[in-house]
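Asker: my questions are about this predicted structure, shown below with the sequence.
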Amino acid sequence: MSNNLKFTAAHSSTFYATLRGRVDAYFAGQGISSHANGAMWFKAIFFLAGYVVLYGLILSNLFGVWAMLGLSIVLGVFAACIGFNVSHDGLHGAFSARPWVNRLMGNSFYLLGANPYVWKLTHNVVHHTYTNIPGHDEDIELAPGLVRLNPEDPLFAWHRFQHIYTFPLYALASLSWVARKDYKKFYQKQIGQHKTPKHPRREHINLFVGKGLYYIAFLIVPYLVLPLAWWQVLLGFVAMHLAEGLVLGLVFQLAHVVEGTEFPLPHGSGTMPDTWASHQLQTTANFAPSSPVAAFICGGLNRQVEHHLFPKVCHIHYPALAPIVRATAAEYGLPYLENKSFGSALYSHYRMLHKLGRPLEKRVKEPVRMSVGAY
């Protein structure tokens, strides 16, 4: 696997230039910004205010133990929705034209117990550049050895059952994130094949201070102000993160590990067979594109095709961009992958886990794609 991975030169395709021109023309013709509008601000305020209210209700001691446990679970779901709807756009610089607003919204990631700086390295830089490329995109290396999410990973006997045991593992994603993942990624020498830069001193401080404040807010403060045993507080904390992790894990996996998405390999020289934009179309899928509920909850992550092509555009605009992207992709003979509902995407992911848990035909290192020569 080459460390110096690069995509086919952009001049070999006019697809992305054409698409970008059409998207720019849409915003100019409508006389609107590509950043947040009133509807987006409403969503941000709704989820942030809901998070604060739920946290306050738990600390109020107005409810019984079982009610507080239920509130903790709902709080975990709201935390995931903040990640989807607020943090994600802010960290991509899509929320506002003002950098300080994006930083503020991106820092809402601390409310999930996660570190925004580490996320920008692993997600914005690595995942969005090397999507679904084995050995490079660590988003398809969940629990290496235990879960096989790409055909280049070693196949073990227990993978035959991964379509059964993987879904419960997704619920552990948030706990791993808050207690382990950020520390591990921060001190890795490289993420995938991407060398980790030297971190500024302030980011070392932010990592430990942010985590420390989160542990205090969700473990120490509840223990001090509520008439609960330590194990009851810990149980509420775990329940919150199991709910958060399940929501986060499912939404992210339904975009890249479903039937139809590819796991392209580079040529021996380390050059990918396609341009970056066509690669995104081959490795990314939408789900439930017509569902207003999915659009409201998932923060545009149910429209990952549009997001991967235009990560700096606020997700509130993705429904309007989708017909432009679909038509342009068809014009250039490129795929536009989509599952019509959340249920169909979930079942497709289940079938992919089943398929990847069994031997596949060995792939060659230099795949030939008929669509490349077409444009």
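Answerer: Noted; the coordinates are in hand. Residues are numbered from 1 along each chain as shown.
Asker: surely N286 is within a strand?
Answerer: Yes. The assignment for N286 (DSSP: H, G, I helix; E, B strand; the rest coil) places it in a strand.
Asker: quick one: mean pLDDT for stretch 327-339?
Answerer: Average pLDDT, stretch 327-339: 95.
Asker: for the residue of the chain positioned farthest from its centre, give me the pLDDT.
Answerer: Note on the chain: the largest C-alpha distance from the chain mean falls to P227, namely 37.2 Å (C-alpha atoms, centre = their mean). Per-residue pLDDT puts P227 at 95.
Asker: looks like it contacts N61 (just checking).
Answerer: Yes. Applying C-beta atoms under 8 Å as the test, P227 and N61 come out as touching, 7.0 Å apart. Any C-beta I mention is one placed from the backbone N, CA and C, and that applies to glycine too.
Asker: packing partners for the host helix or strand of R202?
Answerer: According to DSSP states H and E, R202 maps onto helix 201-215. If you count contacts as 3 or more C-beta pairs under 8 Å, 6 or more residues apart in numbering; DSSP states H and E, helix 201-215 packs onto helix 116-119, helix 182-187.
Asker: can you say which of those helices is packed in most?
Answerer: Mean neighbour counts were compared across these using mean count of other C-beta atoms under 10 Å; the top stretch is helix 116-119, at a mean of 22.
Asker: elements contacting that one?
Answerer: By 3+ C-beta pairs under 8 Å, 6+ apart, helix 116-119 packs against helix 182-187, helix 201-215.
Asker: mind saving the C-alpha coords of the longest one as CSV?
Answerer: Extracted C-alpha coordinates of helix 201-215, given in CSV (Å, rounded to 0.1, in the frame of the first residue of the first chain):
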residue,chain,number,x,y,z
ARG,A,201,0.7,23.2,22.7
ARG,A,202,-2.8,24.6,23.1
GLU,A,203,-4.3,21.5,21.6
HIS,A,204,-2.6,19.3,24.2
ILE,A,205,-4.2,21.5,26.8
ASN,A,206,-7.5,21.5,25.1
LEU,A,207,-7.6,17.7,24.9
PHE,A,208,-7.1,17.1,28.6
VAL,A,209,-9.0,20.1,29.9
GLY,A,210,-12.0,19.4,27.6
LYS,A,211,-12.1,15.7,28.7
GLY,A,212,-11.6,16.6,32.3
LEU,A,213,-14.5,19.1,32.3
TYR,A,214,-16.7,16.6,30.6
TYR,A,215,-15.9,13.9,33.2
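Asker: contacting residues around the helix or strand just after that helix?
Answerer: With elements assigned by DSSP H and E, the helix or strand that comes after helix 201-215 is helix 221-225. Helix 221-225 has contacts (C-beta atoms under 8 Å, 6 or more residues apart in numbering) with 58-59, 61, 228, 230, 233, 236-237.
Asker: most packed of the helices and strands packed on helix 116-119?
Answerer: When the helices and strands packed on helix 116-119 are compared using mean count of other C-beta under 10 Å, helix 182-187 is most buried, at a mean of 16.
Asker: from the chain's centroid, how far away is it?
Answerer: Its chain's C-alpha centre and that of helix 182-187 lie 18 Å apart, by C-alpha atoms, centre = their mean, to the nearest Å.
Asker: ditto for stretch 239-259
Answerer: 9 Å.
Asker: now it: buried residues?
Answerer: Within stretch 239-259, the residues scored as buried using 16 or more other C-beta atoms under 10 Å are 239-258.
Asker: on that earlier part again, reformat the helices and strands packed on helix 116-119 as CSV; add distance to V147.
Answerer: Below are these laid out as CSV (distance: least, C-beta to C-beta, whole Å):
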stretch, distance to V147
helix 182-187, 17
helix 201-215, 26
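Asker: tabulate these (TSV), appending distance to G50 and mean pLDDT.
Answerer: Listed next are the helices and strands packed on helix 116-119 as TSV, based on distance: least, C-beta to C-beta, whole Å; pLDDT from 0 to 100:
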stretch	distance to G50	mean pLDDT
helix 182-187	25	92
helix 201-215	18	96
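Asker: surely D89 and A36 touch.
Answerer: Yes. Counting by C-beta under 8 Å, A36 is a contact partner of D89 at 7.3 Å.
Asker: hey, which helix is longest across this structure?
Answerer: Across the chain, the longest stretch assigned as helix under DSSP state H is helix 230-253.
Asker: now do that one against helix 201-215, angle only.
Answerer: 120 degrees (axes from the mean of the first three to the mean of the last three C-alpha atoms, to 10 degrees).
Asker: ok, then the element right after helix 230-253?
Answerer: helix 276-283.
Asker: helices or strands next to that following helix in the packing?
Answerer: Partner elements for helix 276-283 (3+ C-beta pairs under 8 Å, 6+ apart): helix 15-30, helix 304-309.
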